[in-house]
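Trainee: predicted coordinates and the sequence they were generated for:
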Amino acid sequence: MEITESIGIMKALADSSRLMLINALMGTPQCVEELASRCGLAASTVSFHLRKLEQARLVQKKKEQYYAIYSVNERVFGQTIRDLTTFWNIDTFVQEERIERYRQHVIRSFFRGEKLVRLPAQRKKRLIILNEFAKRFRQGETYDETTVNTVIARSFADYCTIRRELIEERFMKRKDHMYSIREGERG
């Protein structure tokens with residue numbers, strides 16, 4: 001099992017109302033109104049929790065006439081705790097999560113809202129900032145220099161430096177005075 005799927009299942013089960021709904025569905029598939037009556041909850045509350053359970057793939061629904069009938073997903077409930085805690089991608093997940101936390105930290109440190117306060121000196125951090133600028137342009141589209149300058153200047157006054165570094169670091173390419181995001185590159 002993939003770690004994100006396991007985390008989603010565990011988070012979904014970490015609520016007493018959801019556990020009560022799962023317990024009620026163990027016996028027989030039911031609609032929202034039946035579950036609300038059986039569990040003593042408002043129909044809107046049941047619907048909210050069923051959406052969370054459905055997102056975690058713990059329950060599934062099928063249409064029967066005017067009603068959505070919910071039932072437990074036997075595939076998930078047939079798994080053991082060992083299955084839910086044994087991951088094939090744990091190292092990749094931990095690494096990606098660490099990288100994403102670092103990226104968010106850098107963005108928070110150098111941006112105030114949409115404005116870049118200053119360009120970091122460290123190359124690793126600078127690449128993260130440049131990637132944020134590259135995301136402001138669509139792949140497959142070309143832009144004239146004035147448009148590129150305008151987009152960058154909304155967030156940083158020294159648009160020439162950012163534009164030049166986007167090209168030097170291979171986020172963008174320039175050909176015949178037109179700019180575009182590099183296919184398959186960062187951004």
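Mentor: Noted; the coordinates are in hand. Numbers count the residues shown, from 1 in each chain.

Trainee: give me the helices and strands touching the helix ranked longest in the chain, please.
Mentor: Among the elements of the chain assigned as helix by DSSP state H, the one spanning the most residues is helix 90-110. With contacts defined as 3 or more CB pairs under 8 Å, 6 or more residues apart in numbering; DSSP states H and E, the secondary structure elements packing on helix 90-110 are helix 3-13, helix 123-134. (C-beta placed from N, C-alpha, C; glycine too.)

Trainee: for the following helix or strand past the first one, C-alpha coordinates in CSV please.
Mentor: This means helix 3-13. Secondary structure here is assigned by DSSP states H and E; on that basis, the next helix or strand after helix 3-13 toward the C-terminus is helix 16-27. These are the backbone C-alpha positions of helix 16-27, laid out as CSV (Å, rounded to 0.1, in the frame of the first residue of the first chain):
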residue,chain,number,x,y,z
SER,A,16,-16.0,8.9,16.6
SER,A,17,-18.9,9.8,14.2
ARG,A,18,-17.1,8.1,11.3
LEU,A,19,-16.5,5.0,13.3
MET,A,20,-20.1,4.9,14.2
LEU,A,21,-21.1,5.2,10.6
ILE,A,22,-18.7,2.5,9.6
ASN,A,23,-20.1,0.3,12.3
ALA,A,24,-23.7,0.9,11.1
LEU,A,25,-22.7,0.1,7.5
MET,A,26,-21.0,-3.2,8.5
GLY,A,27,-24.3,-5.0,8.5
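
Trainee: what's the angle from the longest helix of the chain to helix 123-134?
Mentor: When axes from the mean of the first three to the mean of the last three CA atoms, to 10 degrees is applied, the directions of helix 90-110 and helix 123-134 differ by 80 degrees.

Trainee: who does the next helix-or-strand element following helix 90-110 pair up with?
Mentor: Proceeding C-terminally, helix 90-110 gives way to strand 111-112 as the next helix or strand, assigned by DSSP H and E. Within its sheet, strand 111-112 is paired with strand 115-116 (antiparallel), according to DSSP bridges.

Trainee: report the distance from the partner strand to the chain centre.
Mentor: 23 Å (CA atoms, centre = their mean, to the nearest Å).

Trainee: touching that strand from outside, list them.
Mentor: If you take CB atoms under 8 Å, 6 or more residues apart in numbering as the criterion, strand 115-116 is touched by 110, 129, 155-156.

Trainee: one more time with 10 Å
Mentor: Strand 115-116 is contacted by residues 107, 110, 129, 132-133, 152, 154-158, 162 when judged by CB atoms under 10 Å, 6 or more residues apart in numbering.

Trainee: quick check: mean pLDDT of stretch 147-155?
Mentor: Along stretch 147-155, the predicted confidence averages to a pLDDT of 96.
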